[in-house]
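Visitor: sequence and predicted structure, then a few things I'm wondering about:
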Amino acid sequence: MNERDGFEERLRQARTHQGLDKPPEKGGALPQSPWGYGLRAGVEVVSALVVGIVIGLLLDRWLGTWPWLFLVFFVLGSVSGVLNVYRLFNPRSRSRTQ
Amino acid sequence: MAVEGKTIDALSQFELSPMFGVVGKAVSFSQSNGFMLLAVALSAGLMLVSARRGALVPDRLQALGEAAYEFIAGMVRDQVGDEGKKYFPFVFSVFMFVLFGNLLGLLPYAFTFTSHIAVTLALAVVVFLTVTAVALMRHGWHFFSYFFPEGAPVWLAPIIIPVEIISYFSRVVSLSVRLFANMVAGHVMLKVFATFVVLLGGLGAVGPFVAAMPLAVNVALVGFEFLVAFLQAYVFAILTSIYLHDAVHLH
């Protein structure tokens, strides 16, 4: 009866698979190479900056306050770019998973 | 085709042109739309074929379909948790659409619809709206506490809240630009080096020997592009799952 040998192991795997048992905690599986991190960080900074600039320009055009809100949101965009890079290394969702 | 008057024309491969003659022209049905339909048909066909057979010992197609299913199911389970199971169809559809778009684009004479920012931006907006809707449905008004972390001093709110909102919206831009830029860069490089082969090949007696160098680069690039096609579809899907995790668990 070879079937019985790995039974407990397979039962445990099946239970984990169906969500009956808690799976062992695993980290994120994004590309962890230096290049992967570098490219992601670059994209995150630039995209936050772009969103900040676009919001600033739209608000300026709406309220007629050129260039003040543009300057404010440029700075805020840069800050959230830095925040995005910080989140890249310390995802906040991992700290308290519930 | 790429060499006209001895210049490098690497961008005309991204131009849209109508398909299916007069009817296609009337409704602006471009080859991009054609390849999108093909990608949907191929991925749906793969899953239908592999699900219908249901053999205990799978054949090649069924093994391929099951491998794709297990891959994304495992990713969603790891990233989102057990609550993520109901969002699996969404993540899987997005993954298969992007993957087939990237891979079809590598065939000769094919069009890569993921190399248009309009397409990737639309995909990213769909992901963004879905994730936000999921978060709003699960948490209601509590969702807006996402933009102000607990325990931060209240006088910092005028800075933290705009920064968090910009960071939240920047997901759309980063998700779309990453896929778009990778596909465009790869295809432009392929075309540039292919043009070098033709230009250097016409240099008389030494031509064929010199032209072998960009040809070798192109061979390596094609392999690299297959890697990028998989990797970018994977990154798109895993970021969707990570955003879903944030939406489901909120902090």
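Guide: Arrived safely. Numbering: from 1, shown residues only, chains lettered A, B, ... in the order given.

Visitor: sticking with the spatially most central residue of chain B, tell me its helix or strand.
Guide: Centroid-nearest residue in chain B, with C-alpha atoms, centre = their mean: B:V98, separated by 3.9 Å. Taking DSSP states H and E as the definition, B:V98 sits inside helix B:88-104.

Visitor: those strands in the stretch 101-250 of chain B, which residues are they?
Guide: With DSSP state E, counting those that start in this stretch, there are no strands along the stretch 101-250 of chain B.

Visitor: all the helices of it, in order from the start?
Guide: B:117-139, B:157-201, B:207-249 (DSSP state H, counting those that start in this stretch).

Visitor: and those as CSV, adding mean neighbour count, mean pLDDT and distance to chain A?
Guide: Backbone N, C-alpha and C define where each C-beta goes, glycine included. CSV is the format used below for the helices of the stretch 101-250 of chain B (neighbours: other C-beta atoms under 10 Å in any protein chain shown; pLDDT from 0 to 100; distance: least, C-beta to the nearest C-beta, whole Å):
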stretch, mean neighbour count, mean pLDDT, distance to chain A
helix B:117-139, 17, 94, 10
helix B:157-201, 19, 91, 4
helix B:207-249, 18, 91, 5
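
Visitor: dump those helices to a markdown table, plus distance to A:R87.
Guide: Listed next are the helices of the stretch 101-250 of chain B as a markdown table, based on distance: least, C-beta to C-beta, whole Å:
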| stretch | distance to A:R87 |
| --- | --- |
| helix B:117-139 | 16 |
| helix B:157-201 | 8 |
| helix B:207-249 | 10 |
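
Visitor: closest to B:M47 out of those helices?
Guide: For B:M47, the closest of the helices of the stretch 101-250 of chain B is helix B:207-249, at 15.5 Å, according to C-beta to C-beta.

Visitor: could you say what helices and strands the closest one packs with?
Guide: helix B:60-80, helix B:88-104, helix B:117-139, helix B:157-201 (3 or more C-beta pairs under 8 Å, 6 or more residues apart in numbering or on different chains; DSSP states H and E).

Visitor: 10 Å - rerun?
Guide: Packing partners of helix B:207-249 (3 or more C-beta pairs under 10 Å, 6 or more residues apart in numbering or on different chains; DSSP states H and E): helix A:34-63, helix B:60-80, helix B:88-104, helix B:117-139, helix B:157-201.

Visitor: roughly how far apart are B:A63 and B:F20?
Guide: B:A63 is 35 Å from B:F20, where distance means C-beta to C-beta, to the nearest Å.
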